[in-house]
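Q: got a sequence here, can you build the structure:
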Amino acid sequence: MKELVDFVVLIIIYFLKFYKKWKAKGRDVLLVNTTMYIYLSFVLYFTLMPIVTSIPFVFNHQYTPMNLVPFVDVLNSRGDFIRQVGLNVIMTVPFGFLLPLTKKENAKLLKVVFYTFLLSLSIEILQPFISGFRSSDITDIITNVTGGMFGYIMYFIFKPLTTKILNYIKDR
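A: Model (predicted):
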């Protein structure tokens, strides 16, 4: 239920800040940017929410520093590490695919890797602040960046098809 507040805030931000601006740029831009916005909203849901209702309690718990030993869970066979690694890769595949579509200039792999790294680092730094039950891990950053790279490769493979689809939407 607390997440509902965050989603209401995200919907309000979308319509007050982005919808008119993206719609003015064309149906193709509106579709791609709205898809990215929805995707990022779900990333927030799975990684950080509830945010708004947690803000008053940010300093009510101890901050747990980031685990800086890569793949320590995998090496020590702790928990469901295979599931965690897989989900972290899968989570950022759409980001790597959609990011080049949101940019008019030719997006390069290194730029996608950099922005995926920033997204993942931001999430990992914020998680322990927002909730005392969440931790941050360098493995998550590595696997998120890997997912972003896979997404970019998929973008590159499907670029002719997505270009056709977006041109069709633009011309309608």
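Q: mind listing what's buried along the helix or strand bottoming out on mean pLDDT in the chain?
A: Of all helical and strand segments in the chain, the minimum by mean pLDDT, DSSP states H and E falls on helix 72-75, at a mean of 80. When burial is assessed from 16 or more other CB atoms under 10 Å, helix 72-75 yields the following buried residues: D73. All C-beta spots, glycine's among them, are computed from the backbone N, C-alpha and C.
Q: now for that helix, which elements pack on it?
A: If you count contacts as 3 or more CB pairs under 8 Å, 6 or more residues apart in numbering; DSSP states H and E, helix 72-75 packs onto helix 81-102, helix 138-171.
Q: what comes up buried for the helix or strand just after the first one?
A: Past helix 81-102, heading to the C-terminal end, the next element that is a helix or strand (DSSP states H and E) is helix 109-130. Using 16+ other CB under 10 Å as the burial criterion, the residues of helix 109-130 that qualify are 112-113, 115-117, 119-121, 123-124, 126-130.
Q: just give me the closest of those residues to Y168.
A: Of all the buried residues of helix 109-130, Y168 sits closest to V112, with 24.7 Å by CB to CB.
Q: got a list of what the residue nearest to that closest one when sequence neighbours are not counted touches?
A: Nearest non-adjacent residue to V112, counting by CB to CB, 6 or more residues apart in numbering: Y152, 4.5 Å away. Counting by CB atoms under 8 Å, 6 or more residues apart in numbering, Y152 makes contact with G96, F97, L99, P100, A107, L109, V112, V113.
Q: with D140 instead?
A: Q84, N88, S120, I123, E124.
Q: which is the next helix or strand following the strand or helix carrying V5?
A: Under the criterion of DSSP H and E, V5 resides in helix 2-13. Proceeding N to C from helix 2-13, the next assigned helix or strand is helix 19-24, under DSSP H and E.
Q: check which residues of that following helix are buried.
A: Buried, per 16+ other CB under 10 Å, within helix 19-24: W22.
Q: so what does the following helix or strand past that helix touch, helix or strand wise?
A: Per DSSP H and E, the first helix or strand lying C-terminal to helix 19-24 is helix 27-47. Applying 3+ CB pairs under 8 Å, 6+ apart, we find helix 27-47 packed against helix 2-13, helix 19-24, helix 81-102, helix 109-130, helix 138-171.
Q: next, the angle from helix 27-47 to helix 81-102.
A: 160 degrees (axes from the mean of the first three to the mean of the last three CA atoms, to 10 degrees).
Q: which one is V69 nearest to, not counting chain neighbours?
A: I138 (7.1 Å).
Q: ok, that neighbour - contacts?
A: M66, N67, L68, V69, P70, E124.
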